[in-house]
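Enquirer: Fold the following, please.
(one chain, ligands or ions: 1)
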Amino acid sequence: MAASLDGFIARKDGRVDWLETSDEFADGDTIDPEFAEAFLRTIDCYVMGSRTYETALNFEAKGSGWVYGDKPVFVLTSRELPRTRDTIEFYSGDLAQFVNGRLRPTFRTIWFVGGGVVSGECLRLGLADEVRYSILPILIGDGISFFEKLDRDIALHLVEVEAYRSGIVELRYEVRRHRGESRNVT
Ligand SMILES: NC(=O)c1ccc[n+]([C@@H]2O[C@H](COP(=O)([O-])OP(=O)(O)OC[C@H]3O[C@@H](n4cnc5c(N)ncnc54)[C@H](OP(=O)(O)O)[C@@H]3O)[C@@H](O)[C@H]2O)c1
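Expert: Residues are numbered from 1 along each chain as shown. This is a model prediction of the structure:
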């Protein structure tokens with residue numbers, strides 16, 4: 001996910017207007033569209049919380065398109081929400097059971113889109129292998145945290161750092177597990 005330097009992925013009311021920044025870091029890399037497309041092809045399916053889905057539907061209604069292409073998108077919700085395409089599936093219940101029992105046997109690369117509730121749940125349940133964090137050059141003071149309600153420390157191993165001309169810094173971490181801990185420990 002993309003977050004402000006102070007760790008927020010959206011304002012309290014869900015707005016993400018601050019994602020457009022105007023910084024310039026002269027030594028930074030530019031994003032190669034071909035590389036970005038090749039990377040997106042490696043993702044086999046997406047998982048997101050209902051509030052993130054509602055934001056995606058709003059973006060689409062305003063003409064910004066559907067960024068998940070024809071990949072399966074699993075939306076976590078206990079509510080009845082509009083299903084706008086065949087690639088969307090809704091799920092409610094135990095996330096560990098869903099990811100390990102249903103998704104992992106079929107999909108190799110499962111991308112958790114967010115938001116904060118779902119990424120927190122994913123880490124708390126020990127489901128994440130990697131965390132990708134893009135820091136934007138802005139502080140917004142308050143909002144929805146990247147990881148809501150973690151109840152323990154999660155040790156990480158830094159594997160990649162990339163600084164872009166736009167001032168965005170991309171961090172990639174592996175989630176470190178204690179000896180004998182499997183990926184679905186709660
Ligand atoms: N900056 C970024 O990169 C980025 C990325 C993603 C999202 N966002 C922003 O983050 C905000 C949303 O984040 P959020 O933390 O408020 O919400 P969220 O994580 O998108 O959605 C949370 C909701 O998903 C449903 N849910 C979660 N786990 C479930 C489960 N196991 N079973 C059934 N339902 C489950 C529940 O809603 P129900 O009431 O429907 O059951 C829960 O309230 C949006 O503003 C979005 O734009 C930003």
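Enquirer: got the residues of this structure near the ligand?
Expert: 1-2, 9-10, 14, 16, 48-52, 55, 76-79, 92-93, 95, 113-118, 121, 144, 148 (CB under 6 Å from any ligand atom). Where C-beta positions appear, they are placed from N, C-alpha and C, glycine not excepted.
Enquirer: Which residue is the nearest non-sequential neighbour of the residue most central in space within the chain?
Expert: With distances taken as CA atoms, centre = their mean, Val113 lies nearest the centre of the chain, 3.0 Å away. Distances taken as CB to CB, 6 or more residues apart in numbering put Met48 closest to Val113, at 4.0 Å, once the chain neighbours are dropped.
Enquirer: which stretches of this protein form strands?
Expert: 2-4, 8-10, 45-49, 73-76, 88-91, 110-114, 130-136, 144-145, 156-163, 169-175 (DSSP state E).
Enquirer: how big is the angle separating the third one from strand 110-114?
Expert: With axes from the mean of the first three to the mean of the last three CA atoms, to 10 degrees as the criterion, the two stretches strand 45-49 and strand 110-114 enclose an angle of 30 degrees.
Enquirer: Show me what strand 45-49 is packed against.
Expert: Secondary-structure packing of strand 45-49 (3 or more CB pairs under 8 Å, 6 or more residues apart in numbering; DSSP states H and E): strand 73-76, strand 110-114, helix 116-124.
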